[in-house]
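this one's structure only:
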Ligand SMILES: Nc1ncnc2c1ncn2[C@@H]1O[C@H](COP(=O)(O)OP(=O)(O)OP(=O)(O)O)[C@@H](O)[C@H]1O
C-alpha cells in the first residue's frame, strides 16, 4: 500500500502536502540515489559495461518484465528500450519502484493494447536475451544488411560474453572448453534468472554445435532463443537443423550455404514477423513514450515537489536548526538564569543568613542591654530602697535620739522645775516662815486681839450692857460694822496692788533683760571648736588653747603655722582671739543653748533675733544648729516652755515657722515640694513700717506642739537631699534659714509682741578659688563668696552706726532676707565654728579673724516690736 501511495504521490503529494508523504520523501530520494548509483555510465569500458551480477539481475528483471510479442523484432524493441533506459534517469524510477511497486491504478491508465497485455497474451514466460542484439537486429532488419548484423552480433556478443570468449571464441574448440561452457551456462542461467531453462538448454546445445564459431557462436542460439518458445524448435525445418549428417559434412560449403540460407529464410521470416509486430511495438513504444513523458512530467512534478519539499525541508531544517539554536540559547539562557537565580538565591540566602545573624546578634545584645538595664534599674531601686530604709532607720534613730534628747530636755526642764519648785518651796518656806512670823504676829495680835477680845468681850459685855442699856442705841453698832468692812476693802486693794506690782516687775524684768542683752552687745560672737572625729587622728589636731576656760571662757589661743622671717628663723605665732564665749570641744549643745536661751527669750519678748553659724565646711555648723539636740529644737522647746509659763502672766503665743534655702542667689522653700526646688520663684518683701519680712509662695507651718519641729527638720533635710546634685554637698553650698515668728498677746495688759527668730546655717566659708572651676561649681563659688562677703559688709556697715547710713542689704539674697534681723532692732549672735584639725588651720584663722571683726562691731540699740493694745 505504501508503494501505491508513493506512485500516486506525484499527483497527490503536492496538492495535499501530506506530512505522511513528506516523511517518505527522504526514502524516495535515497532510493532514487541508490537507483542512480546502480546505473552504469554509458561510455565505460567493456569490463565496466558488463554489469555485475546484481545489476545484471536488476536489468534482466526489468527486461523480462517488459511485454513482448512472439516476434523477435518486437522483443528487440523492448530490449532497446530496456538497454537505452539504463542510461536514463527514468531507469532509476523503474529500478526504485520495481515490478511490485507499480500501483494497481497505473495499468488502468494504459491503453488497452499495453505491453503487459500483449505479454500476457503472447507468452509471459518468454525470456529476454541477455544482449543488445535485438536492437541491432532491428536496425539491420530495417536496412537488410546481414553483414552488419553479424558484425554487430559479434560486437554485442563480445560485450556480453567474457573476454576470453570474445578473444578466443573464433578458435576451434574454444566453446568446448569445460570452463567456458560452465561459465556460459552460469552466465546464461544468471542472465535469465533461472527462469528460462530452454534458453539455457539451447545455449548448451549450441555450445556443442560443430558450426564454426564465426557464424554460429553468436547466431545459432538466437533463433531458438528469440523464436516463439513452442514454435521455434518445431518451426525450424529439420533439413535446416544441423543434424548428425550435417555435422559430419560440416566442411561441405553447399550444405552450409543451404543451411545458412534456410536459416536466413527462417530468420527473414521471423524478421518479417517482427516487422509486422514493429507497428504494434511502435504504438507500444509511443504509448511508452507518452507514459514516459507522463512519468517524466510526474517525475518533474515529483522533482519539483521534491525540490519544494527539499526547500521546505531545508527551511524546516533551518527553522529546526534555528529552533534548536534558540532552544539551546534558551536552554543556555535558562541555565544562566538558573545559575544567576541560584547565585542570587545563594547571595540572598547568605544575605538573609547574615541579616538574620545580625538581627539575632542585635536581639541578643538588645536582650543583654535590657537585662543590664533591668539589673541597673533593679540595683538603682535597691539602692533607693536601701537609701530609703537607711533614711527611715536614720529617722527612727534620730527620732529615738530626739525623744531621748527631748526627754533629757524635759528632764532638764523638770530639774529646772524642781529647782524652781525648790526655790519656790524655799520661797514658800520663807513665806511660811514669814507667815509663821506673821502668824506669830497675828497670834500676838490675836492674843492682843484676844486680850482685846476679852477687852472687847468685856467691852461687848459692857456694850451689851450698854446695848441693853442702850437698846435704843444702834448707831454704835453700825459704826463698828463699817469699820470691819473697811478693813476688808483695804485687804483686797492691797492684793491688787501686789499683783500690779508683779506685772510691773515682769515688765521691768523684760526691760532689765533687754538691758542686760544690750549690755552684752546686740551682736555677739560665740566660738565653738568641735572635737576631732573618730576617723581624724589626734596627731593631726592643731594646737588650740583655752586660756580662761575655767573663768569667763572667752578666749581661744591657736598656734599658727610655721613662718620664716627675713633672717630665716622659723617661728609659730600664737593667735589669741577673744569672743563673748568660747566653747571647747567638750561642750555640749545644752551648754551652748544656755547661752543663747536669753536671746530666745528676747524673741519671745518681741525682738528680732538672728543666730547664724559661720565656718568652713565640716566645722560643725549643722551639728550645732540643726542636729536633733541642736539650737533649733532646743529653741522651740524653750519657746513652748516659756510661752506656757507666761500664760499665767497673761501671755498667749502663736508660732509660725518657715524653712528656706538660699542657693545660687535663689530662694528655695525647704518645706515645699522637692521637685519645685530651684524652679519655683520666691520673692522677699519688706514692710518697712512694721519692719516685717514676708516671702511669696512660701510654706508656713504653724507650730502647735514641740513635736512639729522634728517633722520640719526632716522635711527640709529630705528636700535638700533630693535637690543635691553632688551628694551631701548641697548643705555646704547653700545657706539655710529657719525663720520662727513669735506673736504674743497679753490678755490682761493688752500687750502684743511680734518677735522673729532666725536660725541660719551658712554655707562653707572656706575661700574657694575660682581657678580650675567651671560651670555650676564656679557659679556656686561666686555666689557663696559674694553672699558671705555681703554679710561682712552689712555687719561692718552696721558697726559704723551712722544714722541713716546705707546698709548694703540688697547686695545679696541672704542679707536682704535678714534685713530686719541684722542690726537696728535686732539681736545677732554669730557662732564661729572651728575645726580642730591642723590641716584646716589656715581656714580656722581666717574664720576667727572675720569673727573678731564682727565681734568688734557695735550695733545700735535694739527696738522691741511691741505695742500696748488700746483698750
Ligand atoms: N561639737 C561636736 N561634737 C561632736 N561632733 C561634732 C561636733 N561638731 C561637729 N561634729 C561632727 O562633725 C561633722 C561635721 O559637722 P557638720 O556637718 O555640722 O559641719 P558643717 O559645718 O555643717 O558642714 P557643712 O558646711 O558641710 O554643712 C559631723 O559628722 C558632725 O556630727
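Done, it's in. Remember, predicted model here, so these are calculated numbers, not experimental data. Numbering: from 1, shown residues only.

mean confidence score for the strand or helix carrying residue 388?
Per DSSP states H and E: residue 388 is located in helix 253-470. Mean pLDDT, helix 253-470: 80.

How about stretch 836-856?
Average pLDDT, stretch 836-856: 89.

Could you confirm whether that stretch reaches the ligand?
No. Stretch 836-856 does not reach the ligand (Cβ under 6 Å from any ligand atom); its nearest approach is 9.7 Å. Backbone N, C-alpha and C define where each C-beta goes, glycine included.

Now that stretch: buried residues?
836-838, 840-841, 843-845, 847-848, 850-852, 854-855 (16 or more other Cβ atoms under 10 Å).

and what of stretch 663-673?
663, 664, 666, 667, 668, 669, 670, 671, 672.

any idea how far the first one lies from residue 678?
Taking Cβ to Cβ, to the nearest Å as the measure, residue 663 falls 7 Å from residue 678.

swap in the third one?
Taking Cβ to Cβ as the criterion, residue 666 is separated from residue 678 by 7 Å.

ditto for the second one
Computed with Cβ to Cβ, the distance linking residue 664 and residue 678 is 8 Å.

can you tell me which of the buried residues of stretch 836-856 are in helices?
841, 843, 844, 845, 847, 848, 850, 851, 852, 854, 855 (DSSP state H).

For the residue in the chain positioned nearest to the ligand, report the pLDDT, please.
At 2.7 Å from the ligand, residue 620 is the closest residue in the chain, using Cβ to the nearest ligand atom. For residue 620, the pLDDT comes out at 91.

OK, contacts around it?
528, 530, 833, 835 (Cβ atoms under 8 Å, 6 or more residues apart in numbering).

The second one - nearest residue in space that isn't next to it in sequence?
Of all residues beyond its chain neighbours, the one nearest residue 530 is residue 620 (3.7 Å), with distances taken as Cβ to Cβ, 6 or more residues apart in numbering.

before we move on, what about residue 784?
Looking at residue 784 with Cβ to Cβ, 6+ apart, the closest residue is residue 763, at 4.7 Å.

Quick one: residues contacting that neighbour.
Per Cβ under 8 Å, 6+ apart, neighbours of residue 763: 732, 733, 734, 735, 784, 787, 788.

Name the SS class of it, please.
Recorded secondary structure, residue 763: coil (DSSP: H, G, I helix; E, B strand; the rest coil).

quick one, phi/psi of the residue of the chain closest to the ligand?
phi 110, psi 20 (degrees, to the nearest 10).

What's the separation between it and residue 384?
30 Å.

swap in residue 315?
95 Å.

before we move on, back to that, so which of the contacts of residue 620 would count as near the ligand as well?
When contact is defined as Cβ under 6 Å from any ligand atom, those meet the ligand at 530, 833.

Assign a three-state SS to residue 833, would you?
Once three-state DSSP is applied, residue 833 turns out strand.

Run a quick neighbour tally on it.
29 (other Cβ atoms under 10 Å).

Go ahead and confirm residue 576 touches residue 560.
No. Contact criterion Cβ atoms under 8 Å: residue 576 and residue 560 do not qualify, at 10.6 Å.

So between the two, which is more surrounded?
Neighbour comparison, residue 576 and residue 560: the larger count goes to residue 560, with 16 against 12 (by other Cβ under 10 Å).

in what helix or strand does the nearest residue to that one once chain neighbours are set aside lie?
Spatial nearest neighbour of residue 560, chain neighbours left out: residue 573 (4.1 Å); criterion: Cβ to Cβ, 6+ apart. If you go by DSSP H and E, residue 573 is part of strand 570-578.

Okay, now the sheet partners of the helix or strand just after that strand, with direction.
Using DSSP H and E, the next helix or strand after strand 570-578 towards the C-terminus is strand 581-583. Paired with strand 581-583 in the same sheet, following DSSP bridges, are strand 523-529 (parallel).

Show me the contact partners of the next helix or strand after the partner strand.
Beyond strand 523-529 on the C-terminal side, the first helix or strand identified by DSSP H and E is strand 544-545. For strand 544-545, the external contacting residues (Cβ under 8 Å, 6+ apart) are 529, 556, 557, 558, 559, 834, 836.

Recalculate using a threshold of 10 Å.
529, 555-559, 574-576, 582, 584-585, 834, 836, 838, 841, 844 (Cβ atoms under 10 Å, 6 or more residues apart in numbering).

what's the answer for stretch 686-697, then?
Residues contacting stretch 686-697 (Cβ under 10 Å, 6+ apart): 608, 658, 660, 667, 669, 672, 676, 680-685, 700, 737, 739, 741, 754, 756, 758, 809, 816-821, 824-826, 863, 865.

Buried among these? Need that as a selection in ChimeraX.
ChimeraX command restricting the contacts of stretch 686-697 to the buried ones, with burial defined by 16+ other Cβ under 10 Å:
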select :608,658,660,667,669,672,680,682,684,737,739,741,754,756,758,809,816,817,818,819,820,821,824,825,826,865
